[in-house]
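Undergrad: 3D model of this:
(2 chains)
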Amino acid sequence: MTAPGSRTNRRPSLLAKPVTIVVLCWNRWPLTRRCLESIRAHTDLGRAEVLVVDNGSTDETPDRLRELSWIRVIRNPSNLGFVRGNNVGIAAANPDSDIVLLNNDVWFDQEHWLELLQECSYSTPDVGVVGCRLRMPDGRLLHAGTYILPDTIWGQQIGAGETDVGQYRADREVDGVVFACAYVRRAVLDAIGALSEDFESYFEDTDFCLRAAGAGFRTVCCGAVTLVHEEHGSTNDDPRFFESLFRRSRAKFEAKWKRHLESRYEWALSWQSILNFPTGYAMSSRELLRALEAEGVRVAYRYVYGPGTPFPVQEPEDSADYLLNVVARRGLQERPAVGVVYAQGDVFERCRGRHRIGYTMLEVDGFPREWVRQANQLDEVWVPSRFNLEGLVSCGVTRPVHVVPLGVDVDHFHPEIKAVPNPDGDFVFLASFEWGERKAPEVLLTAFNRAFRAGDPVRLLCKVMNRDGGVRVRDLVEGLHLSSLGGRIEFIHNKVFPYHELGVLYRSADCYVSAGRGEGWDMPLMEAMACGLPSIATDWGAHTEFLHDGIAYPLRVKGTVPAVAKCPYYAGFSWADPDPDHLVHLLRHVFQNREEAAAKGRAAATEMSERWTWRSAARRIAARLEKADTGGR
Amino acid sequence: MTVRESLGNLAADVEALRRRMLLLSRILPVPYLRFLDGNLEELEASVRKATLLRGLSNSLEFVQTHVEAALHEVWDGTAAE
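TA: Numbering: from 1, shown residues only, chains lettered A, B, ... in the order given. Okay, here's the model as predicted:
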């Protein structure tokens, strides 16, 4: 659903079209006063009229509104509810003007909000409804658009509860936006009329957006505008009242839209994988499922591991994500048309589709015999990189092998994510890895220590994870006998961050380093590049699919060496031997050529957002399903 | 000790000092050259005392935290050693 779009910090043009801002209120004068004061402080009212619809307030609201000469007021004799109240405002507005619907429990601290919403609304002729980011008073995000699934008919707010670090700053097409703030082009109102009075309150916004879509207008969340929303500040506080209102509206919405929502799926796919563990497969599986769902692929998920598999642990049921929980509870058919096992190749044989697909990756130059045996029983095999395709073919896979790359979440990893810069102004190199042979931490630490002096304004920050009880990381680093006169190194050890905040880590550094021996994809590298960091990365492995010297600094390898590690899958294969002298050279080069490095970082961010999003990945999967004629449509 | 020997020792001391200053001038970037006016023994000792293990441990315990808090710990030098 995410579409590439402009980000913030742009200067909007002046209002080109007249706008009527309809503010609906019912009692709670302090909320209305705060809302109106923020509108007046942050809005060019030259071409914008403020029309307050008082829904029969019985407190001081009517008297206070009469004192404000710069607004127009319509007073309803009683509380008509959210929908009819807003419709009164829409009907009374200048018939040539666009409409902004605003709850009285929102307020702004941003200049040009209205110009930015209008600019977004007219960015293409088919944009019809535009919402914005909503933030809670405590600084957490509340809304960056909505989605709704036919399974549950319950609209969900994208980004709700996440710490606001600047995510979702691009303009993105969404199912709907909440009408706490909605810019509606006059053309949409002309085409479909006002809000449907089938709904007293709740669901009327999603209903309106779906009706607009039916008339050819897209709904977009404008990432450049953020307002503060004190949710439910203007509704009756009685939870029973809320629940009964919600249920009535939901039943009406279901009767009207369920079939339509179901018809948006073009493909059905069974997805056997892993979701709720801190592994690379699980993380990418979550992103792929979300993206596939948005691209019209109805996915039913089942955990592929558990007793009798190489990973015999039961999976926790809760994904802490509404969409994924729904997808996981759909239940797999006994023989679905198309089945994908996205996991290591020694569980390919658990694939249950009539058309059976194995989707895997590995960090060395070949694949274990058992993986190859199971791969040859499938209809086709997917890998994210040509590197892995060559490895499979060279090891004897005879079934068709297709490159289906992974992606990166450009809503949470982009150059405008908040940074917490080093206060001394030091240049910061960042590496993020799980301690182990494959990541070759000794190569990086010794090279950095050799490349710089202790007094240089530069440091290496290593985010290290270690789950292996047989590994004592501190002792191992001490054993490297790094010089205290050499480059300074600091560690963040075994700290678990909310995924949506990870961009802050990258944005707080100046260069990312991934100097390991082999990668199946290297998601942290891709995330860093999407955040606009110049990166130094080993020029060998799956990530060479997206790494090149136009957007990064490929690290030379001296050749390949036997992949000696605890992981049994690597036995008999090789991986890279990164050149430490070249690493020293690149570290110093980036430090001394910051403008060149920054330009590469910017180019990397652009390329990630244009070519390597999860949306692109899901589209490639849908295209592959189409070409394979799998019968899953 | 003869005068010649004294002068020789002095020359050796000066040469040793010159080498240390050259070394320090390579270690320290230009803005820090003012430290050359300071006590070299103290400066060298302070550099040697600096740890390369800040934030690191042998623990397998995982700590849930926010990125911003963890970064402030690192920048402020308050991460556990």
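
Undergrad: chain B: helices as residue ranges?
TA: B:3-27, B:40-49, B:67-76 (DSSP state H).

Undergrad: could you tell me the least trusted of those helices?
TA: Mean pLDDT values for these show the minimum at helix B:40-49, a mean of 58.

Undergrad: quick revisit: most tightly surrounded among the helices of chain B?
TA: The highest mean neighbour count among the helices of chain B, using mean count of other Cβ atoms under 10 Å in any protein chain shown, belongs to helix B:67-76: a mean of 18. Using the backbone N, CA and C atoms, a C-beta is placed for each residue, glycine as well.

Undergrad: which elements pack onto that helix?
TA: strand A:488-493, helix A:502-507 (3 or more Cβ pairs under 8 Å, 6 or more residues apart in numbering or on different chains; DSSP states H and E).

Undergrad: for A:His402, find the nearest of the helices of chain B.
TA: helix B:67-76 (36.4 Å; Cβ to Cβ).

Undergrad: what about A:Asp59, neighbour count?
TA: 13 (other Cβ atoms under 10 Å in any protein chain shown).

Undergrad: so what's it up against?
TA: Residues in contact with A:Asp59 (Cβ atoms under 8 Å, 6 or more residues apart in numbering or on different chains) are A:27-29.

Undergrad: write the ChimeraX selection for whichever of those residues are buried.
TA: Typed into ChimeraX, the line below selects the buried ones among the contacts of A:Asp59, using 16 or more other Cβ atoms under 10 Å in any protein chain shown:
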select /A:27,28,29
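
Undergrad: kindly list the longest helix within chain A.
TA: Secondary structure assigned by DSSP H gives helix A:239-263 as the longest helix of chain A.

Undergrad: the nearest residue to A:Pro423 once chain neighbours are set aside: what's it in contact with?
TA: Among residues not flanking A:Pro423 along the chain, B:Trp75 sits closest, at 5.5 Å (Cβ to Cβ, 6 or more residues apart in numbering or on different chains). Each residue near B:Trp75 by Cβ under 8 Å, 6+ apart is listed here: A:420, A:422-424.

Undergrad: any of these buried? List them.
TA: If we count by 16+ other Cβ under 10 Å, those have these buried: A:420, A:422.

Undergrad: export stretch A:154-169 as PDB, just CAs?
TA: Provided in PDB are the C-alpha atoms of stretch A:154-169 (Å, rounded to 0.1, in the frame of the first residue of the first chain):
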ATOM      1  CA  TRP A 154     -12.500  -3.600  12.100                       C
ATOM      2  CA  GLY A 155     -10.400  -0.700  10.800                       C
ATOM      3  CA  GLN A 156      -7.000  -0.500  12.300                       C
ATOM      4  CA  GLN A 157      -4.800   2.600  12.600                       C
ATOM      5  CA  ILE A 158      -1.400   2.200  11.000                       C
ATOM      6  CA  GLY A 159       1.500   3.000  13.400                       C
ATOM      7  CA  ALA A 160      -0.700   3.300  16.500                       C
ATOM      8  CA  GLY A 161       1.300   3.200  19.700                       C
ATOM      9  CA  GLU A 162       4.700   3.500  18.100                       C
ATOM     10  CA  THR A 163       7.100   6.100  19.500                       C
ATOM     11  CA  ASP A 164       7.000   9.000  17.000                       C
ATOM     12  CA  VAL A 165      10.500   9.000  15.500                       C
ATOM     13  CA  GLY A 166       9.500  10.400  12.100                       C
ATOM     14  CA  GLN A 167       8.200   7.200  10.500                       C
ATOM     15  CA  TYR A 168       5.500   7.300   7.700                       C
ATOM     16  CA  ARG A 169       6.700  10.700   6.400                       C
END
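
Undergrad: for it, what is the average pLDDT?
TA: Mean predicted confidence for stretch A:154-169 is 96.

Undergrad: quickly check: it near chain B or not.
TA: Yes. For stretch A:154-169 and chain B, the contact criterion (Cβ under 8 Å from any Cβ of the partner chain) is met by A:Thr163.

Undergrad: please state the offset of that stretch from the chain centre?
TA: Relative to its chain's centre, stretch A:154-169 lies at 9 Å (Cα atoms, centre = their mean, to the nearest Å).

Undergrad: quick revisit: dump the helices of chain B to TSV, plus distance to A:Leu189.
TA: Formatted as TSV, the helices of chain B follow (distance: least, Cβ to Cβ, whole Å):
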stretch	distance to A:Leu189
helix B:3-27	70
helix B:40-49	70
helix B:67-76	43
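
Undergrad: which of those helices sits closest to A:Arg373?
TA: For the helices of chain B, the distance to A:Arg373 is smallest for helix B:67-76, at 43.1 Å, taking Cβ to Cβ.

Undergrad: and the closest one with strand A:488-493, angle?
TA: 150 degrees (axes from the mean of the first three to the mean of the last three Cα atoms, to 10 degrees).

Undergrad: thinking again about what came up before, closest one to A:Asp539 among the helices of chain B?
TA: That would be helix B:67-76 among those, by Cβ to Cβ, at 29.3 Å.

Undergrad: can I get that closest one as PDB, trimmed to CA atoms?
TA: Provided in PDB are the C-alpha atoms of helix B:67-76 (Å, rounded to 0.1, in the frame of the first residue of the first chain):
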ATOM      1  CA  VAL B  67      17.100   3.300  21.200                       C
ATOM      2  CA  GLU B  68      17.300   6.900  22.300                       C
ATOM      3  CA  ALA B  69      18.000   5.900  25.900                       C
ATOM      4  CA  ALA B  70      20.700   3.400  24.900                       C
ATOM      5  CA  LEU B  71      22.400   6.000  22.700                       C
ATOM      6  CA  HIS B  72      22.400   8.600  25.400                       C
ATOM      7  CA  GLU B  73      24.100   6.000  27.700                       C
ATOM      8  CA  VAL B  74      26.800   5.600  25.000                       C
ATOM      9  CA  TRP B  75      27.300   9.300  24.300                       C
ATOM     10  CA  ASP B  76      27.300  10.200  28.000                       C
END
